[in-house]
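Enquirer: Pasting the sequence and the predicted coordinates here, then a few questions.
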Amino acid sequence: MSEPTEFNDPGLMDKIVSLAKRRGFVFPSAEIYGGFRSTYDYGPLGVLMLRNVKNAWWRSMVQYRDDVVGLDAAILSPPAVWEASGHLGNFSDPMVDCRSCKERHRADHIGDTCPNCGSKDLTEARDFQLMFKTHAGPVENDGSVAYLRPETAQGMFINFLNVQTTTRKKPPFGIAQIGKSFRNEITPGNFVFRTREFEQMEMEFFVPPEEATTWYEYWIKARYEWYLDLGMPSERLRLRPHDADELSHYSAGTTDVEFAFPWGWGELEGIANRTDYDLKAHEAASGTKLQYFDQANDTWYTPYVIEPAAGATRTMMAFLIAAFQEDEIGGEARSVLRLDWRLAPYQVAVLPLSKKDELEPTAREVLASLQPHFQCDYDVTQSIGRRYRRQDEVGTPWCVTIDFDSLEDRCVTVRDRDTTEQVRVPIDGLVAELISRTKKA
Ligand code: GAP
């Protein structure tokens, strides 16, 4: 159970879930059929924001580094991978059934009473395998079994040699990957916090064994700072080292980056020292040597792995929660997402003051000049005040209004989401003005 924080707020999740649905961030999946077991679809704004979270991660982990390269490995994989990784043996959660109301729970998430009906009549805990099993091809037998990956990490380990030899990278170097993972969670919940299908952003950093502790500390700091840089308030974040009895089967040390969710502290990311567990396990099982030849010392060695593993969907939700505020503008209530411009679904909204045809050519000219630089919305419906509120509610940092004076003076009004300040800017200097604001923000 989560430890409460000063940010505990029982009503907040209802507001976030409602905003997410109403404005097209996240829809319950298969809703017209009554929904489907904690699965969600990312709508027009959600897909933009989720992509922004992933792009921000990719930029900091791959684009701005010369020691990390990317990968996009298959989601379906044969049992051999999961036998070697230890997931077939170890990747389970303890499950209990309530004999009274028949609900199932994770034994480690509840006390000794059923949270659904309060009964104390629970079964003994037993292990529940979390991987989704399927069959590849038309025949359903033991030989056709395949699994949906429960983490992206193994794709990086089994491609260690391919990547290392094709890129000629030397440890320390990393392989990064973003993609879907699947876990048959016993108790999914808290909106997209825990779902059975989710997206991960993981990086496996291969290092000489004697450098493992230094790189472990390095990545803990770097990953914590990534959230702060994107506007996450430091009071809502903490680093929590795992106790020895919590560590995964492969880990010699793990530290979580945790966020103060409205129900208490919850994990956003784990940074683990996976030692040489995975490469050695795949080497033993596959018979392929997964080592690095250190020419300077004329020796082969198995690199250690430091792994920052984050959830993309969970992180997007944390940024939504942290950004959500209700305030007043001129005595009128508004809800606003104070998102960093890099995460906001739209950076700019182009708003012709009236629907009258005369404004459209200039408004479209302004839109076209901004689109190569920013994801823009174009909205002509309702009063300008209503349109500003709509943009505030989805976190758009800048609104650009074209009015009848614009046709004469070739200037537009730029309104700032956070200060609501409005300034007149020449159309010819608009792109430069907005780019300069991204640098200040
Ligand atoms: N390769 C290591 C690994 O997968 P993990 O802590 O199990 O580690 C990493 O997962 C991150 O993936 C978590 O910190 C969380 O953000 C996200 N995650 C894990 N299970 C999830 C689920 N069921 N729903 C949403 N996100 C999940």
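Expert: Looks like it arrived, so ask away. Residues are numbered from 1 along each chain as shown.

Enquirer: so the closest residue to the ligand within the stretch 251-400 of the chain bridges to which residues?
Expert: Nearest to the ligand in the stretch 251-400 of the chain, going by Cβ to the nearest ligand atom, is Gly311, at a distance of 2.3 Å. No exception for glycine: its C-beta is placed from N, CA and C like everyone else's. Beta-bridge pairing of Gly311 under DSSP bridges involves Gln200.

Enquirer: looking at it, it is touching Thr195, isn't it?
Expert: No: if you go by Cβ atoms under 8 Å, Gly311 and Thr195 don't touch, sitting 9.5 Å apart.

Enquirer: Lys120 and Ile110 touch, don't they?
Expert: No: if you go by Cβ under 8 Å, Lys120 and Ile110 don't touch, sitting 11.2 Å apart.

Enquirer: Identify the bridge partners of Trp265.
Expert: Note on Trp265: beta-bridge partners Ala260, judged by DSSP bridges.

Enquirer: Around the ligand, which positions in the stretch 51-200 of the chain sit nearby?
Expert: For the stretch 51-200 of the chain, the residues in contact with the ligand (Cβ under 6 Å from any ligand atom) are 151, 153, 183, 185, 194-195, 198, 200.

Enquirer: out of the residues you listed, which is most surrounded?
Expert: Ala153 (25 neighbours; other Cβ atoms under 10 Å).

Enquirer: mind checking pLDDT for that residue?
Expert: Ala153 carries a pLDDT value of 98.

Enquirer: Disregarding residues adjacent in the polypeptide, which is nearest to it?
Expert: Excluding the flanking residues, the one nearest Ala153 by Cβ to Cβ, 6 or more residues apart in numbering is Glu202, at 5.3 Å.

Enquirer: Off-centre distance for stretch 79-86?
Expert: 26 Å (Cα atoms, centre = their mean, to the nearest Å).

Enquirer: Give me the residues contacting whichever strand or helix holds Ile220.
Expert: In this assignment (DSSP states H and E), Ile220 forms part of helix 212-229. Helix 212-229 has contacts (Cβ atoms under 8 Å, 6 or more residues apart in numbering) with 56-57, 60, 172, 205, 207, 234, 237, 239, 252-253, 255, 257, 268-269, 271, 273, 275, 304, 306, 308, 310.

Enquirer: Could you give me the ChimeraX syntax to select whichever of those residues are buried?
Expert: In ChimeraX, a selection of the buried entries from these looks like this (16 or more other Cβ atoms under 10 Å):
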select :56,57,60,172,205,207,237,253,255,257,268,269,271,273,275,304,306,308,310
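
Enquirer: Among the contacts of helix 212-229, which are located in strands?
Expert: Using DSSP state E, 205, 207, 237, 239, 253, 255, 257, 268-269, 271, 273, 275, 304, 306, 308, 310 are the members of those that sit in strands.
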